[in-house]
Every structure is written in structure tokens, then in C-alpha cells.
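Participant: below is the sequence, then the predicted model.
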Amino acid sequence: MIDLSTKYLGLELSSPLVCSSSPMMQDIDNIRRMEDAGAAAVVLHSLFEEQITLESQDLDRNLFHGAESYAEATSYFPDMATYNIGPDAYLEHIRKAKAAVKIPVIASLNGISSGGWIGWAKRMEEAGADALELNTYFMPTDLDVSGSQLEEMYLELVRDVKRSVSIPVAVKLSSFFSSIPNFCASLDQIGADGLVLFNRFYQPDFDLEALEVVPRLELSSPQELLLRLHWIAVMYGRLNADMAVTGGVHGATDVVKSMMSGAKVAMMTSAVLHHGIDHIAAVRHELAQWLETHEYESIVQMQGSMSQRKVAEPAAFERANYMKVLRSGAWSHR
């Protein structure tokens with residue numbers, strides 16, 4: 001019997017297949033269907049720092065605007081029976097998701113600055129979230145902000161969130177750091193329970209007719225997996241934090257490669273958006289078949305088997321691989 005189980009963030013999972021954060025998670029029925037199709041856990045869509053701070057400010061304005069004008073000013077107050085800001089609705093969504101499925105439900109908090117808004121991490125825990133994914137999506141544009149300043153801002157945020165909750169905290173990162181292993185080691189040292197590699201950078205496009213900057217969504221491709229495999233293979237065995245692959249996981253072989261690099265789970269969104277939720281079941285079936293065909297008894301058996309853990313000089317290995325590619329026949333004219 002093939003054992004697909006794995007352990008991520010201290011959670012016992014039936015397989016490494018996790019549905020990552022996306023707008024699909026706003027529908028409880030989608031989450032039920034993901035569980036039925038074989039997803040071992042789900043990461044909910046993100047609650048954004050801006051949602052919390054802006055909507056709280058709006059509530060404050062409604063409560064206090066004109067309150068000193070005259071006694072009837074209380075009529076300005078919003079009807080609290082119907083007034084519902086986004087963050088409160090998010091907590092209720094966590095509760096509903098936990099009631100609807102048996103698999104772990106991981107909440108997602110998206111922000112970059114430390115402040116009162118991170119108190120919502122504790123509220124997510126109280127609402128029943130099994131873990132928290134801290135999505136640190138930030139692209140600096142200030143010429144005066146150094147890389148070390150940005151890294152310290154991230155570290156301060158993670159420290160504050162870790163202090164506020166007792167559930168595991170994973171940090172979802174972009175690949176835009178000058179030394180990914182060093183920064184991941186710093187996150188590991190301050191207690192991050194997991195590292196999710198990597199956040200995708202959604203780049204805007206130009207509309208040349210309207211002369212406007214417009215958002216552009218491109219679903220991931222399996223080619224994007226290579227960057228994730230590379231860095232997880234480099235860091236496997238050197239950190240205490242669990243590592244997750246996100247971006248480029250489309251089929252069973254992508255999951256196998258993720259496990260062999262050293263990841264504990266492989267997260268999917270684009271493939272599910274493209275093929276539908278039933279694609280999860282197909283990937284799980286193909287994954288079990290692959291293990292059986294190649295005589296693996298379990299997922300745990302293969303985890304880290306293709307990492308650089310046994311390479312004495314990873315940097316030298318990287319240089320050798322680089323030169324080997326440049327000298328290969330792939331560059332010949334066809």
C-alpha cells in the first residue's frame with residue numbers, strides 16, 4: 001500500500017497536495033469539493049493589511065463624525081446589526097470552512113508592516129485556523145530603501161506575528177532577495193515554522209490605446225517550478241522550517257520533483273483553475289501510480305533525495321552545472 005502522507009507545519013496530511021490561496025477559496029462549496037477530490041489541506045484567500053486598516057478607519061469616521069454636533073448625532077452611527085467590515089467576514093469564513101471540512105484550513109494574512117492590524121492573526125487562530133500563512137508580497141520602489149532594511153522589516157513582522165499566535169506560521173516569500181538562503185535562515189532562526197517558495201510577481205501591462213497601466217494575470221506554467229526546486233534543494237536539511245513549493249505545480253511529476261527537492265507539500269492553484277477541481281483527484285491518482293511504478297513505498301522515502309544536502313560545496317556545484325549547460329548541445333543551431 002503506497003503511503004502518500006506527509007507532515008507540514010506539524011499537521012498530519014494525507015498527501016502533499018495542498019490547494020494554495022486564491023479567490024476560489026471564497027466559496028465554501030469549492031473547499032468541500034477540493035477535500036472530496038483529495039486535497040490534503042487548503043490555504044484560504046488572503047485578508048489584506050489594507051482591508052483591515054482602511055475599513056477600520058472608515059468605521060472610526062462613521063462613529064465619530066459629527067458626534068459633538070448635537071444630541072441627535074447618534075443617528076449618524078452605522079447600524080451595527082448590518083454593518084460588516086471585511087475582516088469580520090473573513091473570521092466567519094474560517095469558522096464555516098472548519099465546520100464544512102475535516103482537512104486542515106490555513107488562514108492567509110497578507111501584509112508587510114508591523115502594527116495593530118496583525119492582531120487579526122490571533123483572531124484567525126481563535127476562529128479555528130489550523131495554521132497561518134503570512135503572505136509578504138511587497139516590491140520596493142523607494143531608491144533609499146536598502147535590501148537589509150527590507151529584510152529587517154520582514155523579520156520584524158514575522159516576530160510580531162509569531163508572538164501573537166500559538167498556531168504554526170508559514171512565511172510566503174518572493175524570490176527577489178539577494179541571498180535567499182541567508183534570509184530564509186534568518187526567518188528560521190526567529191521561529192518561522194514554514195517557508196513557502198515562491199510568491200508570484202504579478203506585473204502590470206501597458207494599454208497602448210488607452211495609455212493606462214492595467215493589471216495582468218498569467219497562470220503559472222510547469223517551467224516556473226525549476227526556480228522553486230533549485231532553492232529548496234539547496235536549503236533542504238539546513239533549516240528547521242518546513243518548506244513548501246508553490247508555483248508551477250501542474251501534474252504528478254511536478255509533485256514528485258517537489259518532494260525530491262525537499263519540500264513537504266506541493267501547492268496548486270493555476271492547474272486547478274485551468275483544469276477544474278477534479279484535477280486534484282487525477283494528480284493524486286497519478287502520484288500513487290508513479291510511486292508504485294518506481295518502487296517507492298512512501299512520500300517520506302523520497303523527500304530530499306535529490307537535494308544538495310550531500311554536496312560539500314553547493315556553490316561550486318552551481319558553477320559546474322552552469323558551465324555544463326553553457327557547453328551543452330542545447331545551444332547548437334537547428
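Facilitator: Right, received. Where do you want to start? Numbers count the residues shown, from 1 in each chain.

Participant: for residue 241, see how far away residue 263 is.
Facilitator: 12 Å (C-beta to C-beta, to the nearest Å). (C-beta placed from N, C-alpha, C; glycine too.)

Participant: so which of these two has more stuff around it?
Facilitator: residue 263 (31 against 22; other C-beta atoms under 10 Å).

Participant: what is the neighbour count of the residue nearest to the more buried one when sequence neighbours are not counted?
Facilitator: Computed as C-beta to C-beta, 6 or more residues apart in numbering, the closest residue to residue 263 that is not its neighbour in sequence is residue 245, at 4.5 Å. Per other C-beta under 10 Å, the neighbour tally for residue 245 reads 31.

Participant: which other residues reach the helix or strand where residue 245 lies?
Facilitator: Counting by DSSP states H and E, the element that carries residue 245 is strand 242-246. With contacts defined as C-beta atoms under 8 Å, 6 or more residues apart in numbering, strand 242-246 is touched by 7-9, 18, 20, 170, 172, 193-199, 225, 228-229, 232, 235-236, 258, 261-267, 269.

Participant: go with 6 Å
Facilitator: Residues outside strand 242-246 that contact it (C-beta atoms under 6 Å, 6 or more residues apart in numbering): 8-9, 20, 194-196, 228, 232, 258, 263-267.

Participant: what strands line up against it, and which way round?
Facilitator: strand 194-197 (parallel), strand 265-268 (parallel) (DSSP bridges).

Participant: related to what we said a few turns ago, gap between the residue nearest to residue 263 and residue 210?
Facilitator: Residue 245 is 37 Å from residue 210, by C-beta to C-beta.

Participant: all helices in the stretch 51-200 of the chain, in order from the N-terminus.
Facilitator: Secondary structure of the stretch 51-200 of the chain by DSSP state H, counting those that start in this stretch: the helices cover 86-100, 119-127, 147-164, 180-189.

Participant: can I get those in TSV with mean pLDDT?
Facilitator: Below are the helices of the stretch 51-200 of the chain laid out as TSV (pLDDT from 0 to 100):
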stretch	mean pLDDT
helix 86-100	95
helix 119-127	96
helix 147-164	94
helix 180-189	97
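
Participant: pick the most buried one from the ones you listed.
Facilitator: helix 119-127 (a mean of 19; mean count of other C-beta atoms under 10 Å).

Participant: ok, and what's touching it?
Facilitator: Residues from elsewhere that reach helix 119-127 (C-beta under 6 Å, 6+ apart): 52, 87, 91, 94-95, 107, 109, 132, 161, 164-165, 167.
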